[in-house]
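> dropping the sequence and predicted coords here.
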Protein chains: 2
Amino acid sequence: MSEYEKSKLNRVKRGANRATYDVEKINTILDAGFLCYVGYIYEGKPITIPMAYTRREDKIYIHGSTANRMLLSILESEETSITVMHLDGLVLARSGLHHSVNYRSATLFGSLKKVESDDEKTEILKWIVNQMVPNHWDSLRPMYKKELDRTLVVEFTIETASAKVRDVGVADEPEDYELPIWAGIVPIKQVAEYPIADKGEPEKMEIPKHILDYYEQNK
Amino acid sequence: MSEYEKSKLNRVKRGANRATYDVEKINTILDAGFLCYVGYIYEGKPITIPMAYTRREDKIYIHGSTANRMLLSILESEETSITVMHLDGLVLARSGLHHSVNYRSATLFGSLKKVESDDEKTEILKWIVNQMVPNHWDSLRPMYKKELDRTLVVEFTIETASAKVRDVGVADEPEDYELPIWAGIVPIKQVAEYPIADKGEPEKMEIPKHILDYYEQNK
C-alpha cells in the first residue's frame, strides 16, 4: 500500500491542498519525532495525552505503567487516534486572516493490542529509547524482569491516516501585496542544548559519542 | 480561586508528585505557548487537533473556519478538553525504566460557546495573533467584515484543570549510581530563526522592531 484510502474518517476537509495520504510521507513525519498525542475518551469526554512513541512498519508503540488509566482505557476500547505535529515556522501575513504556521502533522487511526512477551516488550522499549536518542539503549543497564512486569507496552496498528504539511511562504489577498506592511516567515525549530552530566560517575566520564552526535545534529 | 478543585476528572494519578492544580502555575504554562491540542469525538473516536489559542482570565479562545468540522462538533457537544505541553529536556537515566522527559503540561476541561459579536471576535483574533508574536496585530491591515463572517471564534471556559511539571535531574535506582554509565539531561528548547521577508514590499522594508524583539527573545 502506498497511500491510505480516503474515507469519511481521515479525509482532510479544511486545507485539502495541504493534505497527503502517502504512506512514505506520513512515515517521514512520524520518524522525525518521538512525542505523540494520544486521544482517549474518559466518561464521555475526549482527553489528549502526550506520550513517547516509536514506529516500525505500520505499527506505533507506546508504553506506560500497568496502572496507566489512559492506556488501560484505550486498550479496552480497542481503538484510538494518534496525532504528531512538528512546528516549522510562523507565517506572518499582511492580514490577520492569512496568519498561519508552517508545520508537518499526521493523524493516525487504528486498533490497539497489548504486547505480551517479555522479549518483544524489551525490543520495543529499546526502539522507544532509541527514537529519543539514536543508539542509546545499548549503553544502559539491562532491564530487570520486575521492571518489565510493571511496564505496559501497547501496539497501535495504523489502519488509516492523513497528514497535512504547510511549507510555503505567505499567501495574502492579491490586493494586499502593495501595502507597506512587513510580511514573512519566522522559522521555528526544536533544538538540543549541550548535555548536562548527572552527579557522580557521569561527571568523571566523557559524554558518549552517540549523545554528542545527537547534540551536534540537533543543536 | 487559587487552585482547581480535584475531582475524578482532573486528578493526576500517575506521577502525582509532579502534579499541580494551582491556577497561576497553570496559567503560566498556558501563557508560554500558542499551540494547544483540542480533543473531540468523531463517530465515537477521540481525535486530537492542534490549534492556535490565547488565554484571558479563565477563558481559552480558539478559532477556525465557520466550516471547521472539529469546531462545529465540539460546539455541539458543548465541552472538550485542551492540552498544552512544552518539552524542556531529555532525561537520560542509567536504566531504560527511568528515562523520561522534562516538560510542563496542562490539561483543561471546560465548556464551549461561540463568540457572536464582531467587536468581540476582532478583539480575540488580535489576542490570538499577539499570542504568537507580541504586539504584532497593530501592524496589520484591519480585518474585513466578510473575513470576520467566515471566522468562527470559540470561547472555552476552564472549569477544572491540572498540570504536570518535571524539571529535575535523573532519578535512578539507588544501586545504579555506581554503574559506569553516562546519565544526564539534554535540554531541549524551541527557538526562532532570523525572519525571512516575503517578496515585494517587505524585502525593501526594515523588519519591524516587535518582530526583531520576538526573534531576539526566542533565538
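Cool, got the structure. Numbering: from 1, shown residues only, chains lettered A, B, ... in the order given.

> show me what counts as buried in the top helix by length along chain A.
Under DSSP state H, the helix in chain A containing the largest number of residues is helix A:118-132. In terms of neighbour count (16 or more other CB atoms under 10 Å in any protein chain shown), helix A:118-132 has its buried residues at A:121, A:122, A:124, A:125, A:126, A:128, A:129, A:130, A:131, A:132. To be clear about C-beta, it is placed using only N, CA and C from the backbone, and glycine gets the same treatment.

> tell me how chain A divides into domains.
Domain ranges of chain A: A:16-188, A:191-219, per automatic domain parsing.

> about what we covered before: wait, does the helix or strand following the longest helix of chain A contact chain B?
Next along the chain after helix A:118-132, taking DSSP states H and E as the criterion, comes helix A:145-149. Yes. Interface with chain B: helix A:145-149 contributes residue A:147 (CB under 8 Å from any CB of the partner chain).

> tell me where chain A has strands.
For chain A, the strands defined by DSSP state E cover A:19-20, A:35-42, A:45-52, A:54-56, A:59-65, A:79-92, A:100-114, A:151-166, A:184-192, A:196-197.

> could you identify the most distant pair in the buried residues of helix A:118-132?
Pairwise distances among the buried residues of helix A:118-132 were taken by CB to CB; the largest, 17.4 Å, belongs to A:121 and A:132.

> check the burial of residue A:138 by counting its neighbours.
Using other CB atoms under 10 Å in any protein chain shown, residue A:138 is surrounded by 10 other residues.

> what sits closest to the residue lying farthest from the centre of chain A if chain neighbours are left out?
The C-alpha centroid of chain A is most remote from residue A:178, which lies 39.7 Å away (CA atoms, centre = their mean). Sequence neighbours aside, residue B:201 is the residue nearest to residue A:178 in space, at 7.1 Å (criterion: CB to CB, 6 or more residues apart in numbering or on different chains).

> next: residue A:195.
Among residues not flanking residue A:195 along the chain, residue B:186 sits closest, at 4.9 Å (CB to CB, 6+ apart).

> quick one, which of the domains of chain A is packed in tightest?
Most buried of those, by mean neighbour count (mean count of other CB atoms under 10 Å in any protein chain shown): domain A:16-188, with a mean of 18.

> so residue A:137 makes contact with residue B:95?
No. Between residue A:137 and residue B:95 no contact is recorded; they are 10.7 Å apart, counting by CB atoms under 8 Å.

> okay, the domains of chain A in TSV with mean pLDDT and distance to residue B:160 next?
Putting the domains of chain A into TSV (pLDDT from 0 to 100; distance: least, CB to CB, whole Å) gives the following:
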stretch	mean pLDDT	distance to residue B:160
domain A:16-188	96	11
domain A:191-219	97	34
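
> so what pairs up with residue A:160 in the strands?
Judged by DSSP bridges, the bridge partners of residue A:160 are residue A:109.

> that one and residue B:178: what is the separation?
49 Å (CB to CB, to the nearest Å).

> how far away is the residue nearest to residue A:178 from residue A:179?
From residue B:201 across to residue A:179, the span is 7 Å (CB to CB).

> same question for residue A:90.
19 Å.

> what do you get for residue A:85?
With CB to CB as the criterion, residue A:85 and residue A:179 are 31 Å apart.
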